[in-house]
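**Student:** Quick one, fold the following:
(one chain, ligands or ions: 1)
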Amino acid sequence: MSDTRALYEEVILDHNKNPKNFGSMPDADVVQEGYNPLCGDSFKIYLKLDGDTVQSVSFEGHGCAISKASASLMTTLVKGRKRSEVEELFHVFQEMLKSDPESPLDTEKLGKLKVFSGVREYPVRIKCATLAWHALVAALHQQEGPVSTESGS
Ligand code: ZN
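**Tutor:** Residues are numbered from 1 along each chain as shown. From the prediction side, this is the model:
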């Protein structure tokens, strides 16, 4: 294991143990549920909007270390961003997760999301890493009904 990989795993473990913005938000504008039936990850995303800008976001629920750490990191990255910026960030994240594990990372574009680069070697875990993002994007579109990683999109 490289030092970089060890550092990334430490960041993921830390977010899992001490998740950021964890808990319900009584005055949320949108509450979106998201499920990953393959792994059993289940979260609720609470979102407060200012126009199409994320004013605040929190989450609660349970899931594996990757899903929880990803939700936690996400909440720290999207605050103050417009819907289009959140979608662009999610796109960059998904492209990285689907890329060849040997290919170089665009670390500048990825920023803190690069800690999840190890997930490239475990394609089945991609849905864990993206669950909270799918739920957030659905919340930003005020989509009705829960999001499932098995529903196609
Ligand atoms: Zn999972």
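
**Student:** switch to C-alpha atoms for all contacts and neighbour counts from now on
**Tutor:** OK.

**Student:** What residues are bridge-paired with the nearest residue to P146 once chain neighbours are set aside?
**Tutor:** Once flanking residues are discounted, P146 sits nearest to E33: 4.8 Å by Cα to Cα, 6 or more residues apart in numbering. For E33, the beta-bridge partners under DSSP bridges are K44.

**Student:** What separation do you get for E33 and V147?
**Tutor:** Separation of E33 from V147 (Cα to Cα, to the nearest Å) stands at 6 Å.

**Student:** Which residues are in contact with each of the two?
**Tutor:** By the contact definition Cα atoms under 8 Å, 6 or more residues apart in numbering, E33 and V147 are jointly contacted by A135.

**Student:** quick revisit: look up how far the ion lies from the residue nearest to P146.
**Tutor:** In this view, E33 and the ion are 15 Å apart by Cα to the ion, to the nearest Å.

**Student:** Show me the helices in this protein, by range?
**Tutor:** Assigned by DSSP state H, the chain shows helices spanning 3-17, 65-78, 83-98, 107-110, 126-140.

**Student:** Is any residue of the last one near the ion?
**Tutor:** Yes - Helix 126-140 is in contact with the ion by Cα under 5 Å from the ion, via C128.

**Student:** For that helix, what is the distance to the chain centroid?
**Tutor:** In terms of Cα atoms, centre = their mean, to the nearest Å, the centre of helix 126-140 is set 6 Å apart from its chain centre.

**Student:** How about stretch 127-145?
**Tutor:** In terms of Cα atoms, centre = their mean, the centre of stretch 127-145 is found 9 Å from the chain centre.

**Student:** For N16, which non-adjacent residue is spatially closest?
**Tutor:** N16 sits nearest to A69 (Cα to Cα, 6+ apart), 4.8 Å away.

**Student:** on that earlier part again, mind putting the helices of the chain into CSV with mean neighbour count?
**Tutor:** Rendered in CSV, the data for the helices of the chain read as follows (neighbours: other Cα atoms under 10 Å):
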stretch, mean neighbour count
helix 3-17, 15
helix 65-78, 23
helix 83-98, 17
helix 107-110, 12
helix 126-140, 25
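
**Student:** Please identify which of those is closest to Y46.
**Tutor:** Ranking the helices of the chain by their distance to Y46 (criterion: Cα to Cα) puts helix 126-140 first, at 8.2 Å.

**Student:** got the contact list for the closest one?
**Tutor:** 30-36, 39, 41, 43-45, 47, 52, 64, 66-67, 70-71, 74, 83, 86-87, 90, 94, 97-98, 116, 119-120, 146-149.

**Student:** Understood, closing this out.
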